[in-house]
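**Student:** Quick one, fold the following:
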Amino acid sequence: MNTSSPAGAILLRNTMAYDRVHTDAFKQAIDAAVQFAQRHAPQLMVQVFLDADAGLCYSFQLYEDSEAILRHWKVSDPHIAAVMQHCVVQRMEVYGSPNDAVRNGILEAVGSDKVTFTPGLVGYHHLRAPQV
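**Tutor:** Just a heads-up that it's a prediction; the model follows:
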């Protein structure tokens, strides 16, 4: 159940501006990262959307809790780095109440001027994470 407690689910919405000169390489890096995450990372859901006209990419990721985000960073770092070679984060929206380690990690990686944190109020989800 998603509540306002730090143990609740966390949804990330990431807006990235990508280098349109290297669109194919960016798409390949995203595809490889999502395929890897589907098999090995703890996200409950990943969806990526591409606005080619604006050169923007939107990534939504749902995590069970802060510990799942920390595990994702640990196992997926090479794939995250490959994606970031072709883009810059314009905005990161964090919905839920991440712990201090996750909050500080996001702020360090993205910058406080590009991040918003919105605590949860109430909700639920039926998705189940794969056992990795």
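
**Student:** ok, now how distant is the residue located most distally from the centre of the chain from Ala41?
**Tutor:** Using Cα atoms, centre = their mean, the residue of the chain lying farthest from its centre is Val21. It sits 23.8 Å away. For Val21, the distance to Ala41 (Cβ to Cβ, to the nearest Å) stands at 29 Å. Bear in mind the C-beta positions are built from the backbone N, C-alpha and C, glycine included.

**Student:** So what's the residue count around Ile80?
**Tutor:** Per other Cβ atoms under 10 Å, the neighbour tally for Ile80 reads 15.

**Student:** Checking my notes, it in a helix, right?
**Tutor:** Yes: counting by DSSP: H, G, I helix; E, B strand; the rest coil, Ile80 is found in a helix.

**Student:** distance of it from Leu12?
**Tutor:** On the measure of Cβ to Cβ, Ile80 and Leu12 end up 12 Å apart.

**Student:** Same question for Tyr63.
**Tutor:** In terms of Cβ to Cβ, Tyr63 sits 7 Å off from Leu12.
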